[in-house]
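Student: What follows is a predicted protein model with its sequence.
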Amino acid sequence: MLKGNTRMLIAVAMLSSISFVLMLLAFPLPALPAYLKVDFSDIPALIAAITMGPVAGILVAFLKNVLDWLFAGSPTGVPVGHMANFVTSILFLTPVYLIYRKVTTSRGIMVGLGAGTASMAIGMSVLNYYVFLPMYSYFLNFPMESGTALFNTIIFGILPFNLIKGILVTIVMIVLFKRMKPFLDKVTSSYMKPNTN
């Protein structure tokens, strides 16, 4: 048991480091607000989740944000963006894990990634409206958008951004999944009991 836990911690640490590096390679999308940047740092978290379980995936997502906060800091002094990124990762990887555990095939991962993209896009639209954008406004001490302006920011900024991000991550993950499936199955069998339901 101790040996297995040590292996898992090492794997989580390695995937967190890769995720952190990928987070540094973020890029904006044309026609969307510049502060919204796409990165592929959720892929190592997804790999951790489907091979070692959701806790491992969440740990990778948490550690990459801690590392990025320590490395890059935060314009607000409070890691609002990193908190938002962490929640985004959870919203994305949880449906992928739940569906893939039931259907461990290419179809399962594709359906899971589609559900994860929808969960992330809808969930972050709601959370940005009620939580994260108000937090940014409070900590940066500037008037917050309200009414139609705030709604437009969500509908024409946050929502399409997360949909596009989810689609891009899905494409890359599917390509990797097809190439890595035998390896992923081997790793999964060493960490998790097969689902007998």
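Tutor: That came through, no problem.
Student: show me what contacts the closest residue in space to Gly57 that isn't next to it in sequence?
Tutor: Spatial nearest neighbour of Gly57, chain neighbours left out: Ala49 (2.8 Å); criterion: CB to CB, 6 or more residues apart in numbering. For the C-beta atoms, the positions are set from N, CA and C on the backbone; glycine is no exception. Residues near Ala49 by CB atoms under 8 Å, 6 or more residues apart in numbering: 56-58, 93-94, 96-97.
Student: average pLDDT across the helix or strand that contains Ala49?
Tutor: Using DSSP states H and E, Ala49 sits in helix 42-52. The average pLDDT within helix 42-52 is 94.
Student: The following helix or strand past that helix vs helix 42-52, what angle?
Tutor: Scanning forward in sequence from helix 42-52 by DSSP H and E, the next helix or strand is helix 54-72. Here helix 54-72 points in a direction 150 degrees away from that of helix 42-52 (axes from the mean of the first three to the mean of the last three CA atoms, to 10 degrees).
Student: Now do the strand or helix carrying Ile99, average pLDDT.
Tutor: Using DSSP H and E, Ile99 falls within helix 80-102. Mean per-residue pLDDT for helix 80-102: 95.
Student: Also stretch 65-75?
Tutor: Across stretch 65-75, the average pLDDT comes to 87.
Student: buried sites along it?
Tutor: Neighbour counts over stretch 65-75 (16 or more other CB atoms under 10 Å) mark 65, 67-69 as buried.
Student: For the longest helix anywhere in the chain, list every residue counted as buried.
Tutor: The longest helix of the chain (DSSP state H) is helix 159-191. Neighbour-count burial for helix 159-191 flags 159-166, 169-170, 173, 177, 184, 187-188 (criterion: 16+ other CB under 10 Å).
Student: ok, the residue nearest in space to the middle of the chain - contacts?
Tutor: Nearest to the mean C-alpha position of the chain, by CA atoms, centre = their mean, lies Ser89 at 2.4 Å. Contacts here follow CB under 8 Å, 6+ apart; on that basis Ser89 touches 42, 45, 57-58, 61.
Student: picking up where we left off before, show me how far the helix holding Ile99 is from its chain's centre.
Tutor: Chain-centre distance of helix 80-102: 5 Å, with CA atoms, centre = their mean, to the nearest Å.
Student: what's near enough to touch the nearest residue to Ser89 once chain neighbours are set aside?
Tutor: Nearest residue to Ser89, sequence neighbours excluded (CB to CB, 6+ apart): Ala61, at 3.6 Å. Neighbouring residues of Ala61 by CB under 8 Å, 6+ apart: 19, 42, 45, 85-86, 89-90, 93.
Student: could you redo the last one with a cut-off of 10 Å?
Tutor: 15-16, 19, 41-42, 44-46, 48-49, 85-90, 92-93 (CB atoms under 10 Å, 6 or more residues apart in numbering).
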